[in-house]
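Engineer: give me the fold of what follows.
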Amino acid sequence: MEIGIITAQRAVTAAGTPEKLKEAPEWQDNLVIAVLIRANEDNTGLIYITDAYRVADITTQGYALSPGETLELDASQFQEYTIDLAHYYIDAAVSGDGIRYVAVMELGF
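Structural biologist: Now for the predicted structure:
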């Protein structure tokens, strides 16, 4: 199996308005087998992460990350082959706070 690594960062433009973790022109660019999401160390508030089904209640049903805290998602945790990053959203308690992530994707599947 050949793998590729994706790294990116994202800041929330307006607190209270959830944004997709990643948008890409091709759906294949969003499919990964694992992702590690880290809230920026210099954030001044919480970062919230959830899937598309709970985005309306992201601050109450999402996972909250304190500055510097990480969340790891692995497709095998969900008995799936891939995770679609476009189905996950982030929001912030403070505008401009954000995350960085590193994801692993299988190439050529």
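Engineer: next, count neighbours for E72.
Structural biologist: If you count neighbours by other Cβ atoms under 10 Å, E72 ends up with 10. Bear in mind the C-beta positions are built from the backbone N, C-alpha and C, glycine included.
Engineer: that one in helix, strand or coil?
Structural biologist: Recorded secondary structure, E72: strand (DSSP: H, G, I helix; E, B strand; the rest coil).
Engineer: and it, what's its pLDDT?
Structural biologist: You'll see E72 listed with a pLDDT of 95.
Engineer: does it have beta-bridge partners, and which?
Structural biologist: For E72, the beta-bridge partners are L36 (DSSP bridges).
Engineer: quick one: contacts for it?
Structural biologist: 34-37 (Cβ atoms under 8 Å, 6 or more residues apart in numbering).
Engineer: can you list contacts of stretch 45-63?
Structural biologist: By Cβ under 8 Å, 6+ apart, the list of residues contacting stretch 45-63 from outside reads 12, 15, 18, 21, 37, 39, 64-66, 71, 87-94, 97-99.
Engineer: if any of those residues are buried, put those into a PyMOL selection.
Structural biologist: The PyMOL command for the buried members of the contacts of stretch 45-63 (criterion: 16 or more other Cβ atoms under 10 Å) is given here:
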select buried, resi 12+18+21+37+39+64+65+71+88+89+90+91+92+93+97+98+99
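Engineer: strands of the chain, residue ranges please.
Structural biologist: In the chain, the segments counted as strands under DSSP state E are 3-11, 19-20, 31-32, 34-39, 47-51, 63-65, 70-74, 83-84, 88-92, 98-106.
Engineer: spatially nearest residue to the residue most central in space within the chain, not counting backbone neighbours?
Structural biologist: Closest to where the C-alpha atoms of the chain average out (Cα atoms, centre = their mean) is L21, at 4.5 Å. Leaving aside its sequence neighbours, L21 sits nearest to Y88 (Cβ to Cβ, 6 or more residues apart in numbering; 4.3 Å).
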